[in-house]
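Enquirer: Here is a sequence together with a model predicted from it:
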Amino acid sequence: MSLPCNAIAVVVVDDDASFRSALAAILEDDGHVVGEYGDLKDVPPAAMRAAQVVVIDYPMMASDGLSFADSVHAAQPQTAIVLATAYWTVEIEAEVAARDFIQLCRKPIDYDELHALVHQLAAGR
């Protein structure tokens, strides 16, 4: 995949269609290339290989975003991972803290902060 100058390849996986579409639209408006998927099993391998940043919901109806983050990191340690959740608990925070490759974002997400985080993570790859 050839990206426009300064564009970041982002994969957004969230079972909430309105959140997923809004986030994808904002990132696309910023000039990024975004793939959006409602379930982890729907993400094509080529999209994952091209992704610089992956934004994953935790939890989703039929999937576990944390397990998916682990598998992405194992296969592509250079890919930055953002775990987005409305279910902020001490346990989730501890699980994420044990994985230094994940950034945790609490929903509702501040899109300006997420935009800055996406740029920061992509630059640090």
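Expert: Here it is on my side, so go on.

Enquirer: Number of residues surrounding the nearest residue to W88 once chain neighbours are set aside?
Expert: Nearest residue to W88 in three dimensions, chain neighbours excluded: R106, at 5.2 Å (CB to CB, 6 or more residues apart in numbering). (Each C-beta comes from the backbone N, C-alpha and C, glycine too.) Neighbours of R106 under the rule other CB atoms under 10 Å: 13.

Enquirer: ditto for H115
Expert: If we define neighbours as other CB under 10 Å, then H115 has 17 of them.

Enquirer: Please apply the same query to I102.
Expert: Neighbours around I102, by other CB under 10 Å: 22.

Enquirer: so it makes contact with A69?
Expert: Yes: using CB atoms under 8 Å, I102 is in contact with A69, at 5.5 Å.

Enquirer: list residues touching both of those two?
Expert: Residues touching both I102 and A69 (CB atoms under 8 Å, 6 or more residues apart in numbering) are 81, 83.

Enquirer: doesn't V96 fall inside a strand?
Expert: No: counting by DSSP: H, G, I helix; E, B strand; the rest coil, V96 falls outside a strand, being helix.

Enquirer: Skipping adjacent residues, who's closest to L114 in space?
Expert: Spatial nearest neighbour of L114, chain neighbours left out: C105 (6.2 Å); criterion: CB to CB, 6+ apart.

Enquirer: can you count the residues close to the one you found?
Expert: The burial count for C105: 17, using other CB under 10 Å.

Enquirer: got the contact list for it?
Expert: For C105, the contact set (CB under 8 Å, 6+ apart) comprises 55, 82-85, 113-114, 117.

Enquirer: Over to L66?
Expert: 58, 83, 92, 95-96, 99, 102.
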